[in-house]
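Q: Need coordinates for the below:
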Amino acid sequence: MDIILIGIFLLTGIVAGILAGFLGIGGGLVVVPLLSVALPYAGIVQEKVMVIAIGTSLATIVFTAISSTYSHQKRHNIVWPAVFSLFPGLMFGAMLGATLGSQFSNDFLAIIFGSFCAVLGLYSVFKNRYLQPVSDYAQCRGWLSLIGFITGVISSLIGIGGGTLLSPALIWLGLEARRAVGTSATCGLLIAVFGSLSYLITGANETELPKYTIGYIYLPAFLGIIATSVLFAPLGAKMASYFSDKVIRICLGIALLASATQMFIGL
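A: Residues are numbered from 1 along each chain as shown. Here you go, the predicted model:
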């Protein structure tokens, strides 16, 4: 294994950890575009770069989501009845998203990921991020399984934890913001677990993968990223306390638009 490549994976974890803590975005929005650049140098054929980047991203999210879930549980921010209602949809959606992702072409996955980042980035820069509830959460729990399914499909398809989608949805349905964030963090763990397992299984019979790859999860990148992202996420969170919400929102939009640009340039 090239020492330079290992350094790139460690650096990816540092960037992902800092931005996740500073901007509140899931590591996948950072990890996927960075891995899409680095993985070809590891001997991975171009046609498999995006699917391995997404599978590896979901695997790294499992560990960061465990830490986040534990922190929110200590603060009583998780609404467990909502998690149980979301669970069936999240599980089947994550598995379906991973199955679809393993079948799509590299360019198509890059377009989906880039388009998602572009839309979210423009929204972050130009729109108010706070959504006004349209209903009482207690009256709309029947929608949670469907919302979980949609979130699971999209998140597993592009390699993110799901909080980016689920938190605003829960707030819109009447759940207070801090509990929406805590609940979505727990659901992000479920998405990452089922999504990464599905990418592992669907890639098990793939013959054109390099050494150190289990399914569509590339172990050197996985280990390097989690080794540094866990250490640097607290630094990002500390940085966030020194900036206004507006500055953080604009930085989030710029980071997402940069990710989208990188995806489209690589087509």
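
Q: which residues of the stretch 51-200 of the chain score low on pLDDT?
A: Along the stretch 51-200 of the chain, the parts satisfying pLDDT under 70 run over 124, 127-142, 163, 177.

Q: which residues in it form helices?
A: Applying DSSP state H, counting those that start in this stretch to the stretch 51-200 of the chain gives helices spanning 80-103, 106-126, 144-158, 163-172, 177-202.

Q: how about a markdown table for the ones you listed, with distance to residue 63 added?
A: All C-beta spots, glycine's among them, are computed from the backbone N, C-alpha and C. Converted to a markdown table, the helices of the stretch 51-200 of the chain look like this (distance: least, CB to CB, whole Å):
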| stretch | distance to residue 63 |
| --- | --- |
| helix 80-103 | 17 |
| helix 106-126 | 21 |
| helix 144-158 | 16 |
| helix 163-172 | 15 |
| helix 177-202 | 9 |
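
Q: Residue 242 is nearest to which of those helices?
A: Residue 242 lies closest to helix 106-126 among the helices of the stretch 51-200 of the chain, at 19.3 Å (CB to CB).

Q: Just the element for residue 207, please.
A: Here residue 207, judged by DSSP states H and E, is contained in no helix and no strand.

Q: Report the contact partners of it.
A: If you count contacts by CB atoms under 8 Å, 6 or more residues apart in numbering, residue 207 has none.

Q: What distance do you get for it to residue 48?
A: For residue 207, the distance to residue 48 equals 11 Å [CB to CB, to the nearest Å].

Q: separation between the nearest residue to residue 235 once chain neighbours are set aside and residue 225?
A: Distance criterion CB to CB, 6 or more residues apart in numbering; nearest residue to residue 235, sequence neighbours excluded, is residue 18 at 5.9 Å. Applying CB to CB, the value for residue 18 to residue 225 is 13 Å.

Q: And residue 258, by the same measure?
A: From residue 258 across to residue 225, the span is 19 Å (CB to CB).

Q: Pick out whichever of the two has more residues nearby.
A: A direct count of neighbours by other CB atoms under 10 Å for residue 258 and residue 225 places residue 225 higher, at 31 against 14.

Q: The more buried one: which element?
A: Going by DSSP H and E, residue 225 is in helix 219-240.

Q: which secondary structure elements does the following helix or strand past that helix contact?
A: Where DSSP H and E defines the elements, the next helix or strand beyond helix 219-240 is helix 245-265. Under the contact criterion of 3 or more CB pairs under 8 Å, 6 or more residues apart in numbering; DSSP states H and E, helix 245-265 touches helix 3-23, helix 28-38, helix 106-126.

Q: want to throw the ones you listed into a markdown table with distance to residue 185 and mean neighbour count?
A: Formatted as a markdown table, the helices and strands packed on helix 245-265 follow (distance: least, CB to CB, whole Å; neighbours: other CB atoms under 10 Å):
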| stretch | distance to residue 185 | mean neighbour count |
| --- | --- | --- |
| helix 3-23 | 11 | 20 |
| helix 28-38 | 14 | 25 |
| helix 106-126 | 18 | 19 |
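
Q: what would those look like in JSON lines with distance to residue 168?
A: Shown next, in JSON lines, are these (distance: least, CB to CB, whole Å):
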{"stretch": "helix 3-23", "distance to residue 168": "15"}
{"stretch": "helix 28-38", "distance to residue 168": "15"}
{"stretch": "helix 106-126", "distance to residue 168": "10"}
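
Q: Tell me, how many residues neighbour the residue nearest to residue 59 when sequence neighbours are not counted?
A: Using CB to CB, 6+ apart and skipping the chain neighbours, the partner closest in space to residue 59 is residue 196 (4.2 Å). By other CB under 10 Å, the residues close to residue 196 number 27.

Q: that older thread, what residues sit buried inside the helix holding residue 225?
A: Using 16 or more other CB atoms under 10 Å as the test for burial, helix 219-240 gives 220-226, 228-230, 232-233, 236, 240.
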